[in-house]
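Trainee: predicted coordinates and the sequence they were generated for:
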Number of protein chains: 2
Amino acid sequence: MATTADGGARQDALSIGEVARQTGLSVHTLRWFEREGLYLRPIPRAGQRRVFDSADVAWLLLCNRLRASGMPIAEIRRFAALVQAGPGNEAERLAVLEAHEQEVRKRVAMLMECLEIIHGKVDVYRRHLAAGTADRLWAPPFADASSDAARHSMP
Amino acid sequence: MATTADGGARQDALSIGEVARQTGLSVHTLRWFEREGLYLRPIPRAGQRRVFDSADVAWLLLCNRLRASGMPIAEIRRFAALVQAGPGNEAERLAVLEAHEQEVRKRVAMLMECLEIIHGKVDVYRRHLAAGTADRLWAPPFADASSDAARHSMP
DNA sequence: GCTTGACCTAGAGCAGACTCTAGAACCTAC
DNA sequence: GTAGGTTCTAGAGTCTGCTCTAGGTCAAGC
């Protein structure tokens, strides 16, 4: 990430627009992140303009993954606050990450269950369409009582 | 689903409270679903009270899976409208389900990618904690310029 | 006859995560 | 020196998906 061997973080000064391009986030969102306390450090200014560096970008890219995997903003803020608090709370940071990992694994498992059910439906529709019996999949809205056995073959 | 061999759907008359219990949805949500047009038929009334049946419950359980897997309410409404429109549009219904299935598969793939990254972080923290070098994972918030090489080992 | 509990409608309120607006400052290029 | 693009702050608005409130009806049990 750093272009120099050591201590050269401030060499890559990035404008908010540049960071937006590199992270896929809008400048609005980047400013909003600051208000929400999601950065790992107070973003410094040149005059009144924010000056980011590549470590900020790296963090934002990780944030994107955390958000995409469903971590609430409040949880990201908690993690960022731990980092800001400095060394000594690494076990807590780990706990946050582990908890999220477990969450995501649960979500994946749940989605797989859903997929099975959804794919089952897809399969039923495909077979009925192929067999030309698709019209028996669900009764029309105001089906009279004698025809509503069809209501029980489900969509 | 049906307790009788054919045409007996109306035998299981369920109150909104009963349906809430069977589906895990709140009565508020069940009424809101109606306003949103998510049912497969107009829910009939006895007086002014809704009378559900087991086919409604089966649909709601499927809805739960669709919602849990991220299908937007608008899409569920679209599907419900197709069913309400009666036989003849089964290919369209299939298309909706197939599109959703693909969406979910994509989401699962994305989550797996995220998982890898998150697990990588977890791993780093675990190893540093075990080695007693966790304090080098991230520089404190106001680290001076000479120490911010640490900023590049990422959280 | 009265209380209790389940139900009704219409509509307001809320949480989360952005997204945009207004009005102004600043920098760069021509 | 002025036009155009980027940035700034503070705050309002939006969208989704519920969730709750207010005020009322209705049936059953004591």
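Mentor: Yep, that arrived. Numbers count the residues shown, from 1 in each chain, chains lettered A, B, ... in the order given.
Trainee: residue contacts, the residue nearest to A:Lys121 when sequence neighbours are not counted?
Mentor: Distances taken as CB to CB, 6 or more residues apart in numbering or on different chains put B:Leu97 closest to A:Lys121, at 5.4 Å, once the chain neighbours are dropped. C-beta: built from backbone N, CA, C; applies to glycine. Residues counted as contacts of B:Leu97 (CB atoms under 8 Å, 6 or more residues apart in numbering or on different chains) are A:Ile118, A:Lys121, A:Val122, A:Tyr125, B:Phe79.
Trainee: of all pairs in those residues, which one is the farthest apart?
Mentor: Farthest pair in those (CB to CB) is A:Val122 and B:Phe79. Separation: 12.3 Å.
Trainee: for A:His28, report the pLDDT, please.
Mentor: Looking at A:His28, its pLDDT reads 97.
Trainee: quickly find the element holding it.
Mentor: According to DSSP states H and E, A:His28 maps onto helix A:27-35.
Trainee: and that helix, what does it pack against?
Mentor: Counting contacts by 3 or more CB pairs under 8 Å, 6 or more residues apart in numbering or on different chains; DSSP states H and E, helix A:27-35 packs against helix A:16-23, strand A:49-50, helix A:54-68.
Trainee: for these, which one ends up most surrounded?
Mentor: helix A:54-68 (a mean of 19; mean count of other CB atoms under 10 Å in any protein chain shown).
Trainee: can you give me the angle the next helix-or-strand element following it makes with helix A:54-68?
Mentor: Later in the chain than helix A:54-68, the nearest helix or strand by DSSP H and E is helix A:73-84. Here helix A:73-84 points in a direction 150 degrees away from that of helix A:54-68 (axes from the mean of the first three to the mean of the last three CA atoms, to 10 degrees).
Trainee: helix A:73-84 and DNA strand D in contact?
Mentor: No: applying CB under 7 Å from any atom of the strand, one finds helix A:73-84 separated from DNA strand D by no less than 13.3 Å.
Trainee: next one: stretch A:29-46
Mentor: Yes: against DNA strand D, stretch A:29-46 shows contacts by CB under 7 Å from any atom of the strand at A:Arg31, A:Trp32, A:Arg45.
Trainee: pLDDT and distance to A:Thr133 for those - can I get that in CSV?
Mentor: Converted to CSV, the residues of stretch A:29-46 next to DNA strand D look like this (pLDDT from 0 to 100; distance: CB to CB, whole Å):
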residue, pLDDT, distance to A:Thr133
A:Arg31, 98, 57
A:Trp32, 98, 53
A:Arg45, 94, 69
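Trainee: nearest to B:Met112, of those residues?
Mentor: Distance to B:Met112, by CB to CB, is smallest for A:Trp32 among the residues of stretch A:29-46 next to DNA strand D, at 28.5 Å.
Trainee: residue numbers of chain A in contact with DNA strand C?
Mentor: Checking chain A against DNA strand C by CB under 7 Å from any atom of the strand, the hits are A:Ser26, A:His28, A:Thr29, A:Arg31, A:Trp32, A:Gly47, A:Gln48, A:Arg67, A:Pro72, A:Ile73, A:Ala74.
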